[in-house]
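Asker: coords please:
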Amino acid sequence: MPPDIHLVRLPPTSIAALFRNEVLPGGGLRIGRTDADRRRRLFLIGARRFCFSPAEEERESGFLPIVSAIVRGDRRNWALSLDNPFVARNLKPRHVEDVLIETLDDAKLALGFFNFLSLHRKFDHSTLAFCILIVTLLESDLFWPASSVLQSLLLRPVAPTEVCGSLMVSRTRCGLSSTSGFDLLIWAYVQNRKVLHAVRVLEFMKGHGLSPSVRAFCEVLNALLGIRRFDLAEKMYGELVEAGLRPDGSVYTLMVRCLCERRDVDRAKVLLAEAEVNGLIYSIIIYNILIHGLCKVGKVRDAIEVKKSLATKGFNADVVTYCTIVLGLCKLGDVYAAVELIEEMIGNGILPSEAACSRVIDGLRSKGNTEKAFEIVGVLGKHGIIPNLFAYNALLNSLCKRGKLNNAEDLFHRMEKKGLIANDVTYSILIDSYCKSARLNDGLLLFEQMVDKGIKMTVYPYNSLIHAYSKLGKMQKAEHLFTEMIGKGLSPTVVTYTSMISGYSTVGDLGSALKLWSEMSYRAVSPNTYTFTALIGGLSRSNRMVEAHELFDEMLELKMKPNEVTYNVLVDGYCRAGNTKKAFELLEEMVQRGLEPDSYTYRPLISALCMSGRVSEAKQFIDDIYKANYKGLNAMCYTALLHGYCGEGRMKDAYTVCRQMEERGFKLDLVCYGVLISGICKSNEMQELAKVLEDMEKRGLTPDEIIYTTIIDSYCKQGSMIEAFKVWEKMIIHGCVPNVITYTVMINGLCKAGHVNKAELLCKEMLVTENQPNRVTFGCFLDFYAREGKMGEALHLHSRMRYKFQANTVTYNIMIMGFCRCGKIKEAVELLAEMTEDAVPSDCISYSILIYEYCKLGDLREAFRLWNDMLNRGLNPDTVAYNILIHGCCAHGYLRNAFELRDDMMKRGVLPNRVTYNSLVQAICKIGNIENG
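Answerer: Below you'll find the predicted structure:
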């Protein structure tokens, strides 16, 4: 027999008495039983007949009354009673289920007991216990406590079918017929965004012959529409209607919406008619949904007919009806019909929405009827329908997007006259347009005006200005704005960082670009495709292809899709690096990703093939692209091929390409002719030049300063100064102004021809124009004086160049060569020291000139000293430098040193040539070792 239960003071012999309506001896708790209670207990005991042996049944039937007595006793004694070892050891979820069924008459008591076990004893309730309590609470109209218990149950990893099964058993054991537990479960799943679980509940109910409430079905239907599972919503509707569910107005409204979303407006009309026949339409909402669906599929005229029929059905069109049709008409381009509808609305006292007004104004603007747009804005303003500023900003933005900046400025001034105060959006629109139209100064003035007027500053005007400065390569100004922006508490966006990184990458400042890249991560700003592309482009242009490709791989790992520009900068980078194989692999990958190559993809590939001597392959590549009918092939691609042919002197092939261009519909532009003329001049085919210039004239093309300079340079190099001056005069007659390079080319030709006085006159002419002589120009005179041995004049000019910081390695080499020619080697060596003093880097040529002179004088010791000095400075000697010293060693009998230099030459990867071997062979033969020679 069980031990005493202290709080209820039940003697061991009193267990049977618990089944009778009597007071127990010793003042114990009296527990009354109704006939219903007895029937329920008999049901419980009978239900367990197959679970226990007779002895176990006896113990079970004795234990449950004890627990029931505790529950119905004083709640303050629950803790002590339930702590009794016998109760604590034997209390199982099935006992709690039975107790909960026994307390159907007191739902609050059942809830208190259930929560007490959960909170104070961490009792693991069964799913059935939860469900029994839920239906008990619902039966007592305690909806929110029932909802709370259900939410606790759903926190467990329990399947919808298990909950449904337990609810079914609960209904049976509690003798209830209501489906409110299922309705609550559906509601809970929908609230927890587990719509498909709610669908499974509906399917369970249908399978067990139960019907959900219409409200519960609406919950599921609305949720399915929310996740765009229109197919499932339609399926559930059909099945449940077939099972006997009678739709109400809400169900019809949702199903009309569902069909409209599926663009099945004809069936939506049928369903709406069915709702009308059943008298289940209580508001205009269902009509507005149909009107929206009709407008969505372009059947605006049908939507207008529905609107017209509303009055006959007892409804008046509202703001949603009108605005939906207005937007539909604008989408079809019938903006004037939309204007009429707006006017009708206002006449009926209905105020249109901002979206509808903006769409109409934008539609009028796109039709070119700006005056009507202004008129509508005025009308709307008088009625106080929308803020005039909103409408003006919309119109202003539209004008700016269409490139009509002058009209936008007029509109901005009209706003001021009307007393409208422009806001941050107004200024941001105009500043952005100024920046995109290369009117940066106007954008800055407006930005300063914005600051002076105290208008709220946002990130957008800063982004526009930073982008403009970065595009121009003015990174100091961009950086100043960037710092100022952060100082004002504005957080840079991915657009800000992308502009800055792109700017730094373009000017070659990769250190700053990479620093900003790291800063983005620190500030938790995620890069986009454009950010990656900007940095990849910078790395590619700096020939850091390993890092560029690593960044590209990182981009792919982040599931970020590269665009055409991303591939183009990588292809260009690999082409610059001479890795055409990898470049073509990227082209293939690009096409496989569905991206379309363009001229910026093809041109570097063609140029790379030409530069590596594979011009015929480049031609075949162009032919393949043309035959495959790919887009992107243009005159620039053919120009790259012309560069290749002209560079190799294959002028006949170049002329063939020009003819083929025209046959394929590509016009020769000025750049193409420039390349062709450059090739003609290099090949000295001056007779063809006249034909090409005549052909240009026929096409209405006039040579520019680059073409004229190329021709003048060619004549100067040939020494034909009369022809050069003829071209010069023709250039001026055609209104083409000579530039610094043109002047320098002419001065160089005159100096080379010995006409230094004429060259000086031309140089003076330069000084009165905007073309100031540069170091190359002065270098022409310097070279003349040095060749003529006029070192005094040369030294004077060189001093002036040093003073103006125009002296460089080339001018110093000219001076060194000049002194050496005059036999003044000491002065030449002093110039080498002067170069170091002026921080002008010496090169291999500087040393080679001096080494040659010392070898000629037989001073091999000094020659080797200069050689070692050159190596110590990190300069790499070329074949000419090696040949000079090897010849010097051979000429003066230092054959061993000569061969050591030959070996060193090979180790450094400098290839000996015929001159190298001639010097060695002659030296060997000279000492009589003809066999070895």
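
Asker: which other helices and strands contact the helix or strand containing Cys925?
Answerer: Of the helices and strands defined by DSSP states H and E, Cys925 is found in helix 914-926. In terms of contacts (3 or more Cβ pairs under 8 Å, 6 or more residues apart in numbering; DSSP states H and E), helix 914-926 is packed against helix 879-891, helix 895-907. Every residue, glycine included, has its C-beta placed from N, CA and C.

Asker: Please identify the buried residues of the first one?
Answerer: Translated: helix 879-891. Residues of helix 879-891 classed as buried: 881-891 (neighbour count, 16 or more other Cβ atoms under 10 Å).

Asker: before we move on, the earlier item: in a markdown table, list the helices and strands packed on helix 914-926 along with distance to His796 and mean pLDDT.
Answerer: Listed next are the helices and strands packed on helix 914-926 as a markdown table, based on distance: least, Cβ to Cβ, whole Å; pLDDT from 0 to 100:
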| stretch | distance to His796 | mean pLDDT |
| --- | --- | --- |
| helix 879-891 | 30 | 92 |
| helix 895-907 | 39 | 91 |
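
Asker: who wins for proximity to Gly674 among those helices?
Answerer: helix 879-891 (32.8 Å; Cβ to Cβ).

Asker: Quick check: which helices or strands does that closest one pack against?
Answerer: helix 844-857, helix 860-872, helix 895-907, helix 914-926.

Asker: Could you pull out the buried residues of the third one?
Answerer: It stands for helix 895-907. Residues 895, 897-899, 901-902, 905 are the ones in helix 895-907 that count as buried (16+ other Cβ under 10 Å).

Asker: I'd like those laid out as a markdown table, including distance to Leu539.
Answerer: Output for the buried residues of helix 895-907, formatted as a markdown table (distance: Cβ to Cβ, whole Å):
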| residue | distance to Leu539 |
| --- | --- |
| Leu895 | 50 |
| Asn897 | 45 |
| Ala898 | 45 |
| Phe899 | 45 |
| Leu901 | 40 |
| Arg902 | 40 |
| Met905 | 35 |
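
Asker: export stretch 907-916 as CSV, just CAs?
Answerer: C-alpha atoms of stretch 907-916 as CSV (Å, rounded to 0.1, in the frame of the first residue of the first chain):
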residue,chain,number,x,y,z
LYS,A,907,74.4,33.8,-67.1
ARG,A,908,72.5,37.1,-67.1
GLY,A,909,70.4,36.0,-70.0
VAL,A,910,71.9,38.5,-72.4
LEU,A,911,72.4,36.8,-75.8
PRO,A,912,75.7,37.4,-77.6
ASN,A,913,75.4,38.4,-81.2
ARG,A,914,77.6,38.4,-84.3
VAL,A,915,79.6,41.4,-83.1
THR,A,916,80.4,39.6,-79.8
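
Asker: Give me the contacts around it.
Answerer: With contact meaning Cβ atoms under 8 Å, 6 or more residues apart in numbering, stretch 907-916 is reached by 876-879, 882-883, 886-887, 902, 905-906.

Asker: With stretch 714-724 instead?
Answerer: 681-682, 684, 686, 712, 727, 745-746, 748-750, 752-753, 755.

Asker: Okay, buried residues for that stretch please.
Answerer: For stretch 714-724, burial by neighbour count (16+ other Cβ under 10 Å) applies to 714-717, 720-721, 723-724.

Asker: got the end-to-end distance for it?
Answerer: Stretch 714-724 has an end-to-end distance of 8 Å (Cα to Cα, to the nearest Å).

Asker: Averaged pLDDT, that stretch. What do you get?
Answerer: Across stretch 714-724, pLDDT averages out at 91.

Asker: And stretch 389-409, by the same measure?
Answerer: Mean pLDDT, stretch 389-409: 80.

Asker: what's the most distant pair in the buried residues of helix 879-891?
Answerer: Using Cβ to Cβ, the buried residues of helix 879-891 span at most 16.0 Å, a distance reached by Ala881 and Ala891.

Asker: can I get the buried residues of stretch 714-724 in a markdown table with secondary structure and distance to Val737?
Answerer: Below are the buried residues of stretch 714-724 laid out as a markdown table (DSSP: H, G, I helix; E, B strand; the rest coil; distance: Cβ to Cβ, whole Å):
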| residue | secondary structure | distance to Val737 |
| --- | --- | --- |
| Ser714 | helix | 20 |
| Tyr715 | helix | 19 |
| Cys716 | helix | 19 |
| Lys717 | helix | 23 |
| Ser720 | coil | 23 |
| Met721 | helix | 21 |
| Glu723 | helix | 21 |
| Ala724 | helix | 17 |
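
Asker: So which elements touch the helix or strand harbouring Arg365?
Answerer: Using DSSP H and E, Arg365 maps to helix 354-366. When contacts are defined as 3+ Cβ pairs under 8 Å, 6+ apart, helix 354-366 packs onto helix 319-332, helix 335-347, helix 370-383, helix 388-401.

Asker: Just the buried positions in it, please.
Answerer: 356-365.

Asker: Pick out the most distant pair among those residues.
Answerer: For the buried residues of helix 354-366, with distances taken as Cβ to Cβ, the pair at the greatest spread is Ala356 and Arg365 (15.0 Å).

Asker: pLDDT weak spots in the stretch 551-700 of the chain?
Answerer: For the stretch 551-700 of the chain, not a single residue meets the criterion pLDDT under 70.

Asker: same question, the chain
Answerer: Residues of the chain that meet the cut-off, pLDDT under 70, sit at 1-61, 370, 381, 384-388, 391, 418, 928-933.

Asker: Quick check: can you list the domain ranges of it?
Answerer: 318-385, 387-457, 470-560, 867-933 (automatic domain parsing).

Asker: got TSV for those domains, with distance to Thr566 too?
Answerer: Converted to TSV, these look like this (distance: least, Cβ to Cβ, whole Å):
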stretch	distance to Thr566
domain 318-385	33
domain 387-457	23
domain 470-560	4
domain 867-933	36
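
Asker: so which of those domains comes closest to Asp704?
Answerer: Going by Cβ to Cβ, the one of the domains of the chain nearest Asp704 is domain 387-457, 21.6 Å.

Asker: Contacts for stretch 696-711, please.
Answerer: 667-670, 673-674, 677-678, 681, 689, 693, 727-728, 730-731, 734, 736-739, 741-742, 745.

Asker: Go ahead and produce CSV holding the CA coordinates of the strand or helix carrying Val546.
Answerer: Assigned by DSSP H and E, Val546 belongs to helix 545-557. What follows is helix 545-557, C-alpha atoms only, in CSV (Å, rounded to 0.1, in the frame of the first residue of the first chain):
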residue,chain,number,x,y,z
MET,A,545,47.7,39.5,-62.6
VAL,A,546,48.1,36.9,-59.8
GLU,A,547,46.4,39.3,-57.3
ALA,A,548,43.8,40.3,-59.9
HIS,A,549,42.8,36.7,-60.5
GLU,A,550,42.8,35.9,-56.8
LEU,A,551,40.3,38.8,-56.4
PHE,A,552,38.2,37.4,-59.3
ASP,A,553,38.1,34.0,-57.6
GLU,A,554,37.1,35.6,-54.3
MET,A,555,34.3,37.3,-56.2
LEU,A,556,33.0,34.0,-57.5
GLU,A,557,33.3,32.4,-54.1
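
Asker: list the buried ones in it?
Answerer: 545, 547-549, 551-552, 555.

Asker: hang on, the earlier thing: what would the helices and strands packed on helix 914-926 look like in JSON lines with distance to Val339?
Answerer: Formatted as JSON lines, these follow (distance: least, Cβ to Cβ, whole Å):
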{"stretch": "helix 879-891", "distance to Val339": "82"}
{"stretch": "helix 895-907", "distance to Val339": "86"}
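
Asker: Span of stretch 537-550 from start to end?
Answerer: Termini of stretch 537-550 sit 13 Å apart (Cα to Cα).

Asker: meant to ask about stretch 630-639
Answerer: 18 Å.

Asker: Gly489: what secondary structure?
Answerer: coil (DSSP: H, G, I helix; E, B strand; the rest coil).
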